[in-house]
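> The sequence and its predicted three-dimensional model are supplied below.
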Amino acid sequence: MVNKARKFKIYSEDLKQLVLSEVKAGLSINRVSAKYGITGTMTVYKWCKKYGIETIKRELIEVPLEVSCNVEKEKSMKKETSKTTASDENKVKLLEYELALYKKLVEIAKRDYDLDLIKKLDTKQSKK
């Protein structure tokens, strides 16, 4: 058996800095790797670690039980309801799901970045 020697690509510092600037801007490492033809995402993760760049934590967002229950109810009720009612229920389901995503976003911003994104309605506005 003949062992094939692995060929390693050597990337220029300019390319590394360009890739890392896009990662800092918030693009996903997978997308940036594909854009610049970098095979495997570990290369970019290693660059981030080497240059002290924090990557964004990817978290699974759980759909609340109420939303998933509504999906099941919609499936069972779909046979009984008309098309317009079903489309209205789809819109409601989508809005409930978006609300759950926004709530999770606010929670992550507060926890990881110490940002309070919720507007306080009882505060007095300053006069200009």
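The structure has been received and is ready for your questions.
> Make sure residue 15 is actually in contact with residue 36.
Yes - assessed by Cβ atoms under 8 Å, residue 15 is found in contact with residue 36 at 6.6 Å. Bear in mind the C-beta positions are built from the backbone N, C-alpha and C, glycine included.
> Which helix or strand lies directly C-terminal to the lowest-mean-pLDDT helix or strand in the chain?
In the chain, the helix or strand scored least confidently by mean pLDDT, DSSP states H and E is helix 65-78, which has a mean of 58. The helix or strand immediately downstream of helix 65-78 is helix 83-113, counting by DSSP states H and E.
> tell me which residues in that next one are buried?
Of the residues in helix 83-113, those buried under the neighbour-count criterion (16 or more other Cβ atoms under 10 Å) are 89, 93, 96-97, 100, 104, 108.
> so what does that helix touch, helix or strand wise?
Where contact means 3 or more Cβ pairs under 8 Å, 6 or more residues apart in numbering; DSSP states H and E, helix 83-113 is packed against helix 65-78.
> Name the SS class of residue 53, please.
Following DSSP: H, G, I helix; E, B strand; the rest coil, residue 53 is assigned to coil.
> if I look at the nearest residue to it once chain neighbours are set aside, how far off is residue 50?
Using Cβ to Cβ, 6 or more residues apart in numbering and skipping the chain neighbours, the partner closest in space to residue 53 is residue 20 (5.7 Å). Here residue 20 is placed at a distance of 9 Å from residue 50 (Cβ to Cβ, to the nearest Å).
> Neighbour count for these two, which is higher?
Taking neighbours as other Cβ atoms under 10 Å, residue 20 and residue 50 compare with residue 20 leading, 18 against 10.
> Got the domain ranges for the protein?
Domain assignment for the chain by automatic domain parsing gives 13-50, 65-113.
> End to end on the shortest one, go ahead and measure it.
When you say that, I think you mean domain 13-50. Using Cα to Cα, to the nearest Å, one end of domain 13-50 lies 12 Å from the other.
> Could you report the neighbour count for residue 33?
Neighbours of residue 33 using other Cβ under 10 Å come to 19.
> Could you check how far it is from residue 22?
Residue 33 sits 10 Å away from residue 22 when distances are taken as Cβ to Cβ.
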